[in-house]
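Participant: Sequence plus the predicted model coming up.
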Amino acid sequence: MTDAIVAHKLAKRYGGTIAVDDVSFSVAEGETVCLLGPNGAGKSTTVRILATLTRPDGGNAWVAGSSVSTDARAIRARIGYVAQHAGTDVHLTGRENLRIQAAAHGLRRTAAARRTTELLELVGLAAAADRLVGTYSGGMARRLEIAMGIVHEPEVIFLDEPTTGLDPEARTSLWTELSEIVRTRRISMLLTTHYLDEADQLADRVVIINRGTVIIDGTPTALKAQLPGGGSVIIELTRVPPKDVVSRVVRRAGCHDLDLQGSNLRVRTDHGHHSLPVLLNGLREAGFDAASAAVAQPTLDDVYLHHTGQSLATTGPST
Ligand SMILES: Nc1ncnc2c1ncn2[C@@H]1O[C@H](COP(=O)(O)OP(=O)(O)OP(=O)(O)O)[C@@H](O)[C@H]1O
C-alpha cells in the first residue's frame, strides 16, 4: 500500500511555544487516521503543516507524493481541508454554497451542478439543498462544510475537529456520512478529535499526540489489546472520598491508573472481575460504600490513561 501522508520529525514553534516537537506518522492510501490529544497538544498545527497552511521549522512531510516544503501548490490541488471553524455563506442555500466552491475549483457549470447534487446526496442534505444555510442546524452546516472540502475530488482530506460542538445524535450521523465518503471515494482521511468514541468508531489507526510528540500509534483494537490485564473497574461511591484513601485501597487491590472524579472512580485492573470485590471491600472498610459498580472492557481512554497518566475523557473540547 502506498502512503498518502508521511510526516517525518515535524517540528514547529511559535515564539517560545513549542507547538509540534517531533511528530512522525503515516497514513496509507484509503486509510482513516485520527490524531487524538488534549487541547494544545499540537494536533491542529500538525494538520495545518500537512495542508501546507503553515511551514514546519523542522522535519518534512509528503502528501499525495509531494513535499510540503517544496511542492505546496501540487499538494493543495489534491487535498481538501476543513478547518475547525470553516466558513459557509449563511445567506446562500446549501446548493449555492457548493456550486460557488465547485466554480472556485474550476469546474464548469454542468459539471459543478452535477457534482453539487451528488455531494448533497452523499452528506444527507438533498432535502435541505435549497434552504438558506442560516436555517441549518450545526450538524447540517458541518456536513455542508465537509461536502465543500471534497468538491474537487481530493485524494486526501484533513478534518480538524469535525464534530466539536455537535450533539451526540448529530455526531453519530456525521460519522456515518464520513465513513460513506471514505468508502465510496477511497479518500485518505486525517482527522483530529477530542472524542475517543469518535476515534474508535471511525479510525483505522489512532495516533495519540501529547505536548507536540507522538506517544503511540496503532489500530484501536491493537492499542486496547496491548494494555496489560483485563479492563477497568468503575465504581460510584455514595459520597466523595479523599484521594489518598482511595489510592491506598486501589494499590492494595493490585489496581492502577486511578482516575477519581468526585465520587466516581475508575481504575485499571490486571485481574478483571477478581478486583471488583477486593476494591469494594477495601472501600467499605475505609468508610465508603458503593452506589454502583461495574467492570468495563478497555477503551481508548484506558489506552490514553495508561500512556500519559491522565484521562482524555476529562479534558473537554476547546469550543
Ligand atoms: N498561530 C499561533 N501562534 C502562537 N501559538 C500558537 C499558534 N498556533 C498554535 N499555537 C500554540 O501551539 C500549541 C499547539 O496548538 P494546536 O492548536 O496545534 O493544538 P491542538 O492539539 O490542535 O489543540 P486544540 O485541540 O485546542 O485545537 C498551543 O500551545 C497553542 O497555543
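Facilitator: Thanks, I have the structure now.

Participant: Is Gly58 in contact with Lys9, as I believe?
Facilitator: Yes. When contacts are counted by Cβ atoms under 8 Å, Gly58 is listed as touching Lys9 (6.4 Å). To be clear about C-beta, it is placed using only N, CA and C from the backbone, and glycine gets the same treatment.

Participant: Report how many residues lie close to Thr269.
Facilitator: 24 (other Cβ atoms under 10 Å).

Participant: Close to the ligand: what parts of the protein are there?
Facilitator: Taking Cβ under 6 Å from any ligand atom as the criterion, the neighbours of the ligand within the chain are Tyr14, Thr17, Ala19, Gly37, Asn39, Gly40, Ala41, Gly42, Lys43, Ser44, Thr45, Ser318.

Participant: Which residue, neighbours along the chain excluded, lies closest to the third one?
Facilitator: Meaning Ala19. Counting by Cβ to Cβ, 6 or more residues apart in numbering, Ala19 lies nearest to Thr45, which is 4.2 Å off, once chain neighbours are set aside.

Participant: mind listing the strands for the stretch 151-300 of the chain?
Facilitator: Using DSSP state E, counting those that start in this stretch, the strands of the stretch 151-300 of the chain run over 156-160, 188-193, 205-210, 213-218, 232-237, 256-261, 264-268, 290-296.

Participant: could I have the last one exported to PDB, CA atoms only?
Facilitator: The C-alpha coordinates for strand 290-296 follow below in PDB (Å, rounded to 0.1, in the frame of the first residue of the first chain):
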ATOM      1  CA  ALA A 290     -20.600   2.000  46.600                       C
ATOM      2  CA  ALA A 291     -23.800   3.200  44.900                       C
ATOM      3  CA  SER A 292     -22.900   1.200  41.800                       C
ATOM      4  CA  ALA A 293     -20.000  -0.800  40.300                       C
ATOM      5  CA  ALA A 294     -19.100  -2.400  37.000                       C
ATOM      6  CA  VAL A 295     -16.200  -4.000  35.100                       C
ATOM      7  CA  ALA A 296     -15.700  -2.400  31.700                       C
END
